[in-house]
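Asker: here's a sequence, model it:
(one chain, ligands or ions: 1)
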Amino acid sequence: MPSKRRPNIVMILTDDHAAHAIGAYGSVVNTTPRIDEIAAEGWRFENCFATNSLCSPSRASILTGTHSHVNGVTTLETPIDAGQPTFISQLREAGYRTAIVGKWHLGDGDGHDPQGFDYWDVLLEQGEYHDPTFLSVDGLRTERGYATDLITDLALAWVERIESDAPWCVLIFHKAPHRPWQPDAKHAELYSEPIPVPATFTDDHTTRTSSARRAAMRIAEHLNTDDLKIDPPTGLDYEAEALWKYQRYMEDYLRCVASVDDNVGRVIDWLRDRGDFEDTLLMYSSDQGFFLGDHGWFDKRFMYEESIRMPLVMSYPRVLSAKGVADGIVTNVDFARTILDAAGVEPHPRMQGRSFWPDLAGGAGEPPVDGFYYRYWEHDDVFHNAPAHYGYRSARYKLIYFYNDGLGLPGTGAFTYPGEWELYDLERDPDELYNVYFAPDYLDRREDLKVSLWKLQTELGDSAHVSQPRPERLGQTA
Ligand code: CA
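Answerer: Numbering: from 1, shown residues only. Have a look, this model is predicted:
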């Protein structure tokens, strides 16, 4: 018997589940009693953020504990080198049994299949909601049923097959509630009453840069019949059609979330039935947030709040006797070191971020951070028109730089848009409706923030885009 029992670890990670569609985060559009139960049994993180608000890059950061420029998964077109150290490979070296079931979408074949897992069984690329195809060491197969249920079934079945006394870690990575939002029959009738519309739904983005205004994410204009399954009624004006599309979009999105919540409940009940709930580090999170009609948008990518905020709740009753809400800044890069810390396993020296385990469990730890570094790498000028950008967010301020290289003339690579900045004062403007980059009251602050951004970017091994001048206040030496 080891002198100190190590936790079993269950990480449930969904794809595109915004925190503001979770009851514990104050949702006004749905209820999620089972996800809320984890928060009630442990901790809810008020300020957990994705450092690159896109599916595959965030998943790579979570696994490797590194920023995108370190792990190499900067966009959807950059498959992972799956041989790099992850918290999974570290756990396995320390004697854990390890598995991943569900969404991988970090490439397949040629060194991109999952590594470091005793068992892996993943959806092919984005995967399907109904009768999905899975890829494992045994090759491809199709499973009959609904993806969110099947992923849970397969994950729990793997744990039940473990014969040793070794601790185990299972990643239950759902496709839901990612586009194309196909609910199962059980939840198909939910949310047919009018769904509350966010206050910023008609935001005209007046003070934002042209970089942000170019985005093709407007519900009114860019959600199509494929997404909504039916055409809007004829004869609606622009505003009425926008609201009709919002309702249709949200109905299916929230129905997919309802299945997730049920399956989170299945995991909780299963852990309790086994007598393992107290000794399991149970985490629920999503790879990033999502615009749920906020600013008139769907999707993510941008460094705005609804997009970058990740839900994160976790319980481990045996050790975390205190419960509550953690409001310090944590990021997806911190997950790896935090999980390893909870398991008493050394992090790989390459891992970045900070373990926030001592914030919950007590003991010595690194000091909290003042802010974090964000970088979205994909110009995506074909699909969603969200240009690449980077920035720095502190508890109060957010500075964003859109560098816009090669944008404007498709196929030519010609530099036609200039670099552009945005600055938000989140204390006075939590909805980010007023870009104050040029506001006289903020000129001094913005220059300080440029220094913070530059320093952190450099410290993390990334560098400023060639179009960004070195901050004047940095002085002559770095
Ligand atoms: Ca995602």
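Asker: list the contacts of whatever residue of the stretch 151-300 of the chain ends up closest to the ion.
Answerer: Going by C-beta to the ion, the ion is nearest to Asp287 of the stretch 151-300 of the chain, at 4.1 Å. C-beta coordinates here come from the backbone N, C-alpha and C atoms, glycine included. For Asp287, the contact set (C-beta atoms under 8 Å, 6 or more residues apart in numbering) comprises 13-16, 50, 55, 58-59, 62, 310, 332.
Asker: neighbour-wise, give me the winner out of those.
Answerer: Asn332 (31 neighbours; other C-beta atoms under 10 Å).
Asker: run through the residues that contact that residue.
Answerer: 48-51, 58, 61-62, 287, 310.
Asker: try 10 Å
Answerer: 13, 48-53, 57-63, 65, 67, 285-288, 308, 310, 312, 353, 372 (C-beta atoms under 10 Å, 6 or more residues apart in numbering).
Asker: now intersect those residues with the helices, please.
Answerer: Among the contacts of Asn332, the members found in helices (DSSP state H) are 57-63, 308.
Asker: could I get the residues you listed as CSV with pLDDT and distance to the ion?
Answerer: Below are the ones in helices among the contacts of Asn332 laid out as CSV (pLDDT from 0 to 100; distance: C-beta to the ion, whole Å):
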residue, pLDDT, distance to the ion
Pro57, 98, 9
Ser58, 98, 7
Arg59, 98, 8
Ala60, 98, 12
Ser61, 98, 12
Ile62, 98, 11
Leu63, 98, 14
Ile308, 98, 12
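Asker: those residues: which two are farthest apart?
Answerer: Leu63 and Ile308 (18.8 Å; C-beta to C-beta).
Asker: so Asp444, which state does it fall into?
Answerer: Three-state call for Asp444 (DSSP: H, G, I helix; E, B strand; the rest coil): helix.
Asker: now do the same for Gly475: its pLDDT.
Answerer: At Gly475, the predicted lDDT confidence score is 78.
Asker: which ones are touching it?
Answerer: Each residue near Gly475 by C-beta under 10 Å, 6+ apart is listed here: Val451.
Asker: measure the residue of the chain found nearest the ion to Glu189 for me?
Answerer: With C-beta to the ion as the measure, Cys55 is the residue of the chain nearest to the ion, at 3.4 Å. Per C-beta to C-beta, to the nearest Å, Cys55 is found 29 Å from Glu189.
Asker: one more: Glu378?
Answerer: Look at Glu378 and Glu189: by C-beta to C-beta, they are 37 Å apart.
Asker: same question, Lys455
Answerer: Distance from Lys455 to Glu189, by C-beta to C-beta: 53 Å.
Asker: do Arg318 as well
Answerer: 40 Å.
Asker: the more surrounded of the two?
Answerer: Neighbour totals were compared for Arg318 and Glu189, and Arg318 leads with 13 against 10 (other C-beta under 10 Å).
Asker: mind checking which helix or strand the more buried one is in?
Answerer: For Arg318, there is no host helix or strand (DSSP states H and E).
Asker: so it touches Gly275, yeah?
Answerer: No - using C-beta atoms under 10 Å, Arg318 is not in contact with Gly275, being 11.5 Å away.
Asker: count of residues packed around the nearest residue to Trp377 once chain neighbours are set aside?
Answerer: Spatial nearest neighbour of Trp377, excluding adjacent residues (C-beta to C-beta, 6 or more residues apart in numbering): Thr74 at 3.9 Å. The local packing of Thr74 (other C-beta under 10 Å) involves 20 other residues.
Asker: one more: Asp429?
Answerer: 14.
Asker: any idea how far Gln288 is from it?
Answerer: In terms of C-beta to C-beta, Asp429 sits 22 Å off from Gln288.
Asker: cool, His69 as well?
Answerer: From His69 to Gln288 the distance is 17 Å (C-beta to C-beta).
Asker: so for the two, which sits in the more crowded spot?
Answerer: Per other C-beta under 10 Å, whichever of His69 and Gln288 has more neighbours is Gln288, with 28 against 18.
Asker: residues contacting that one?
Answerer: 15-18, 49-55, 57-59, 300-301, 306-311, 332.
Asker: repeat that for Ile12.
Answerer: With C-beta under 10 Å, 6+ apart, Ile12 has these contacts: 35, 38, 102, 151-152, 155, 170-174, 260, 263-264, 267-268, 282-286, 313.
Asker: so what's it bridging to?
Answerer: Counting by DSSP bridges, Ile12 is bridged to Ile172, Tyr284.
Asker: per-residue pLDDT of it, please?
Answerer: Reported pLDDT for Ile12: 98.
Asker: cool, and the one 10 residues further on?
Answerer: Residue-level confidence at Ile22 comes out at 98, pLDDT.
Asker: I figured it hits Thr31, correct?
Answerer: Yes - between Ile22 and Thr31 there is a contact at 9.1 Å, judged by C-beta under 10 Å.
Asker: just the element for the closest residue to Leu236 other than its chain neighbours, please.
Answerer: Leaving aside its sequence neighbours, Leu236 sits nearest to Trp244 (C-beta to C-beta, 6+ apart; 6.2 Å). Per DSSP H and E: Trp244 is located in helix 238-274.
Asker: and what of Tyr392?
Answerer: strand 389-394.
Asker: partner strands of that strand and their direction?
Answerer: Sheet pairing for strand 389-394, using DSSP bridges, gives strand 371-376 (antiparallel), strand 397-402 (antiparallel).
Asker: what helices or strands is the helix holding Trp244 leaning on?
Answerer: strand 8-14, helix 33-41, helix 147-161, strand 168-173, helix 219-222, helix 225-228, strand 280-286, strand 312-315 (3 or more C-beta pairs under 10 Å, 6 or more residues apart in numbering; DSSP states H and E).
Asker: and the fifth one, average pLDDT?
Answerer: Same thing as helix 219-222. Averaged over helix 219-222, pLDDT sits at 93.
Asker: what do you get for the third one?
Answerer: Model confidence over helix 147-161 averages 98 on the pLDDT scale.
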